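In: Give me a model of this one.
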Amino acid sequence: MSEKITAALGDKQITIETGKLAKQADGAVTVQLGETIVIVAAVAATKAKPGQDFFPLTVDYREKAAAAGKFPGGYFKREGRPTEKEILTCRLTDRPIRPLFPKGWYNEVQVQTVLLSADGQNDPDILSIIGASAALMVSDIPWDGPLGAVRVGRVAGKFIANPTHSEQAESDLDLVYVGNDKDIVMYEGAAKEITEADFNAALVYAQGVIQPVIAAQKELAAKAGKKKREITLNIVPDEILEEAKKLAGNRFVPALLTPGKLNRENACKAIQDEVGVKLIEKFGADRVNDFVIKDAFYYIQKEAVRGLILKEGKRLDGRGFDAVRAISSETSILPRAHGSALFARGETQAVTLVTLGTGDDTQDFDSYTGGRTEKKFILHYNFPNFSVGETGRISGPGRREIGHGALAERSIESMLPTDYPYAVRVTSEIMESNGSTSMASVCGGTLALLDAGVPMIRPVAGISVGICTEYGADKKISNYKLLTDIIGWEDAYCDMDCKIAGTEKGITGFQLDLKLKGIPFALMVETVEKARVARLHILAEMAKTLAGPRTELSKYAPRIEVIRINPEKIGALIGPGGKNIKRLVEESGCEINIEDDGTVNIFSVSPEGMKIARDAINGMTAEAEIGKIYRGRVVTVKEFGAFVEFLPGKDGLVHISELANFRVKNTEDVVKIGDEISVKCLGVDEKGRVKLSRRAAMEERDQEMAPKA
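Out: Below is the predicted model of the structure:
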């Protein structure tokens, strides 16, 4: 029997139903907003795989063309590999639910979302997050929910819950927010230089909006939820853990304080290897396997790192809690890229390249759910194994790379002029990684864009802030330290990775990931302020290298000229079947893009080709100007005069009486087909017919040549 719950989400209604579809899953719900509907199903394996030493959670989100009443593109007419939007929605769904599974439980879990109906206005990504929470709540899978989610926009200074695509187009904020009944759990999004105060206000607004959805899930679970299953946790036996601590002694602290990432890792690994051998000797290989050693030392290192931070006030690399690592940067480091930069912050290093493209380089994509269908600005992020001194499988970008690139992209995008005619691609190649390479990509990407001469509104920088917490007996945070510019092990062993990017005026991009079940709003306010201070410091350091866009483009970048023509002339410029424009593209070697408003963009790497195209377009679309002298070619001869092509594709009549300053009996006595003559425009009649005069042109020329008195 199905159960259905309806809850308010801002001024809209969301409906969650269970017990109707996918009844063999451990938990399944449909979630509906407007006419957008998703189904989310969750299943957990009954036991862990032998030797499993991590929690195998898979979250998948797929859009079906049929949900929007469309056919997929391509020969096979079937959906293919996940799109970037689908991958980003997977990440949005995965990140908030992952910390709420029991630690030490390694049964495989799959949470799958399928888009069943798309109305083109309500984006299904928020429904996927809510659906994942609701499906887990009604299942027998152990999970410490529920969670609520909402997208927040702001139009004319007013916050909007779950704005439609048309509303979002007018918004200066795109915040995806996830929280529980008390605290912030995750957020992600972009803004157009929103202030820190307004950003904090948006978080407060979102936290209030999600409460009815959380209450609805609790009600649904009470009515239709299954009893949670009994589970077995795979944890290190207490006696082995205590022996490991005893054998390691106090050697871990100096090892953790070893300067340099690789040296620090090697020092800790040496202790682990030595103690591991002794543990096997004492307890036997059947009890002390690789998992036991790895898990025991993860716990020991985590305890040591957190003890240093919380009790001794020390960070692993010796910095103060608010300090940003040393910054260095260069530009124009690669000769053929249209713009390039090297940005380093401590042991995090990114090489960024900018490519300027034409209109043909704009990325087009299917959109079954509404919203954008093309992108003129693209940022791609690549993270090779060598950046962390490791080997591994070499393949295309994974979900992490796509997510990091999307974060950097949206952090920069709003600072590009909306009327910039070029398509722009930034690629960030991570050369070295020890904390927040996505924010290094923002900084390096900005410098490369400035190096390419892209007229950014303002430079953008980003920074990550972490937190290390300690809980009291009341299960509330009793002690904490915020860590500006976290390094890799601070991310791994502490509790938060909060990335915020922006300009000197405000925030443009953000992403929060927690290992905690939630973080109080007051701590987030502190975090946002520390990120602001650090961002201004980084922007000042970047300005020492390059403060504004270069005035000259790379000699390898395509040049662009913009010509604006009468929209009524577009057809004449294109010609029948595209004949005119195809011929011009072939003759000039240029790419020519014509927009509906009469804007013509000419792209060329050749000055000569640019001149050919420019002159031809001006000629083909020019209007006859009364009183102006033209050089034209005789195309037709009649008894009453000659027709002269005075502009490309445009003829005018030179009446026989206007051929010369004497009486002409036969037109061919003066001009023949193919002759080039100068003519003056006398007028244009109501039917658009142009009257020309050779006689008037000759008289004007004679006057100009006459000696001055």
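In: Only the C-alpha atoms, please, for stretch 103-115, written as PDB.
Out: Extracted C-alpha coordinates of stretch 103-115, given in PDB (Å, rounded to 0.1, in the frame of the first residue of the first chain):
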ATOM      1  CA  LYS A 103      31.500   4.200  10.400                       C
ATOM      2  CA  GLY A 104      33.000   0.800  10.000                       C
ATOM      3  CA  TRP A 105      30.000  -0.600   8.000                       C
ATOM      4  CA  TYR A 106      31.300  -1.800   4.600                       C
ATOM      5  CA  ASN A 107      28.200  -3.300   2.900                       C
ATOM      6  CA  GLU A 108      27.800  -2.000  -0.600                       C
ATOM      7  CA  VAL A 109      25.100   0.600  -1.000                       C
ATOM      8  CA  GLN A 110      23.600   1.900  -4.200                       C
ATOM      9  CA  VAL A 111      21.300   4.900  -4.500                       C
ATOM     10  CA  GLN A 112      19.900   5.500  -7.900                       C
ATOM     11  CA  THR A 113      17.800   8.300  -9.300                       C
ATOM     12  CA  VAL A 114      15.900   8.200 -12.600                       C
ATOM     13  CA  LEU A 115      14.100  11.200 -14.000                       C
END
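In: what about that stretch, average pLDDT?
Out: The average pLDDT for stretch 103-115 rounds to 96.
In: list the buried ones in that stretch?
Out: 105, 106, 107, 108, 109, 110, 111, 112, 113, 114, 115 (16 or more other C-beta atoms under 10 Å). Just so you know, the C-beta spots here come from the backbone N, C-alpha and C atoms, and that holds for glycine as well.
In: In contact with the second one, which residues?
Out: Going by C-beta atoms under 8 Å, 6 or more residues apart in numbering, residue 106 touches 48, 49, 52, 53, 54, 55, 56, 234.
In: Go again with 10 Å.
Out: By C-beta atoms under 10 Å, 6 or more residues apart in numbering, residue 106 lies in contact with 45, 47-49, 51-56, 231-234, 291.
In: Can you tell me the SS state at it?
Out: coil (DSSP: H, G, I helix; E, B strand; the rest coil).
In: Need the phi and psi values for it.
Out: phi -120, psi 20 (degrees, to the nearest 10).
In: what's the nearest residue to residue 241 if we skip its chain neighbours?
Out: In this structure, residue 241 finds its nearest non-sequential neighbour in residue 296, 5.3 Å apart by C-beta to C-beta, 6 or more residues apart in numbering.
In: for the helix or strand residue 614 falls within, packing partners?
Out: Assessed by DSSP states H and E, residue 614 sits inside helix 607-621. Counting contacts by 3 or more C-beta pairs under 10 Å, 6 or more residues apart in numbering; DSSP states H and E, helix 607-621 packs against strand 559-564, helix 570-574, helix 579-588, strand 591-594, strand 599-604, strand 641-647, strand 650-655.
In: Hey, what's the angle from the helix or strand following it to helix 607-621? Just curious.
Out: Next in sequence after helix 607-621, counting helices and strands by DSSP H and E, comes strand 629-638. Strand 629-638 and helix 607-621 meet at an angle of 60 degrees, taking axes from the mean of the first three to the mean of the last three C-alpha atoms, to 10 degrees as the criterion.
In: just how off-centre is strand 629-638 within its chain?
Out: 56 Å (C-alpha atoms, centre = their mean, to the nearest Å).
In: Contacts only, for the spatially most central residue of the chain.
Out: In the chain, the C-alpha nearest the mean C-alpha coordinate belongs to residue 406, at 2.9 Å (C-alpha atoms, centre = their mean). If a contact means C-beta under 10 Å, 6+ apart, then residue 406 has 84-85, 87-88, 91, 188, 190, 379-381, 438, 509, 511 as its contacts.
In: ok, now residue 600?
Out: Applying C-beta under 10 Å, 6+ apart, the residues near residue 600 are 561-565, 569-570, 573, 581, 592-594, 613-614, 617-618, 621.
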